[in-house]
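[1] Below is the sequence, then the predicted model.
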Amino acid sequence: MAVKIFAVVVFALVGAFALTHGAAVDPPVWPNEFAVAFNFTFNKTSSEGWLFYDWDLKSQRIDHEVCFGRPELGQCRLLFAGPATGDVWVYFPTSPALYCCALRQLHGLFISPTWLKGASYLGSQIVNGKRSAIWIKQGYVYADDVLSQAPVQLNGTVGTSPITYNYEPWFVAKQNPAIFTIPTQCVKYCPRSLFGF
């Protein structure tokens, strides 16, 4: 019995050491539907928001309390139309002058559940108080909880400006399709100067 317990402890320690020191592991796959709150930092400005995701509908929505670090823009929602058109719409519920337009800079951007396929595993570390697996792909560094695979943090750049998302809490649940509806008043493109990237 003592030998079996010793073997289990040794196996657990070896596994923990391997995870901490960059062993080959598979990147996480997102569930088809979820919602997660976040704190967002861009251009030295922080904002709260939510990401709503539905792969079955090929839809996602990102709500920002302060739109891309620009307090004068107020709140905004990014509505991803998915692969059918590739459009990403930005909707300003509190700014009738801007209202809704498509972002050329984000055209074609849609994140699949397997978006981390091919990412390099960098090991694990504590991020926002959670033991997290660290991945890098195309200049973006992503951390997910090693136990639940919930997103913890995403770092990268937009243009030349650093961007950070800190995620929590995470709810894996069916999303209401109505939240992804693109307003009929949307015009085709935003002015290129709108966000400065």
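    Arrived safely, thanks for sending. Numbering: from 1, shown residues only.
[2] Give me the neighbour count for Thr85.
    Neighbour count for Thr85, taken as other Cβ atoms under 10 Å: 13. C-betas here are computed from N, CA, C, even on glycine.
[3] what pLDDT does it get?
    In this prediction, Thr85 carries a pLDDT score of 70.
[4] so how far is Ser95 from it?
    Going from Thr85 to Ser95 by Cβ to Cβ, to the nearest Å gives 24 Å.
[5] which residues touch Ala175?
    Residue 175: Gln, not Ala. By Cβ atoms under 8 Å, 6 or more residues apart in numbering, the residues touching Gln175 are Glu33, Phe34, Ala35, Phe52, Tyr53, Asp54, Leu57.
[6] if you set the cut-off to 10 Å instead, what comes out?
    Residues counted as contacts of Gln175 (Cβ atoms under 10 Å, 6 or more residues apart in numbering) are Asn32, Glu33, Phe34, Ala35, Phe52, Tyr53, Asp54, Asp56, Leu57, Ser59, Gln60, Arg61.
[7] likewise Cys67?
    Cys67 neighbours (Cβ under 10 Å, 6+ apart): 42, 45, 47, 49, 73-78, 90-92, 94-95, 98, 194-195.
[8] can you do 8 Å?
    Applying Cβ under 8 Å, 6+ apart to Cys67 gives the contacts Ser47, Leu73, Gly74, Gln75, Cys76, Val90, Phe92.
[9] sorry, back to before: please indicate which of the contacts of Gln175 are buried?
    With burial judged by 16 or more other Cβ atoms under 10 Å, the buried subset of the contacts of Gln175 is Glu33, Phe34, Ala35, Phe52, Tyr53, Asp54, Ser59, Gln60, Arg61.
[10] ok, the third one to Ser47 distance?
    This means Ala35. 17 Å.
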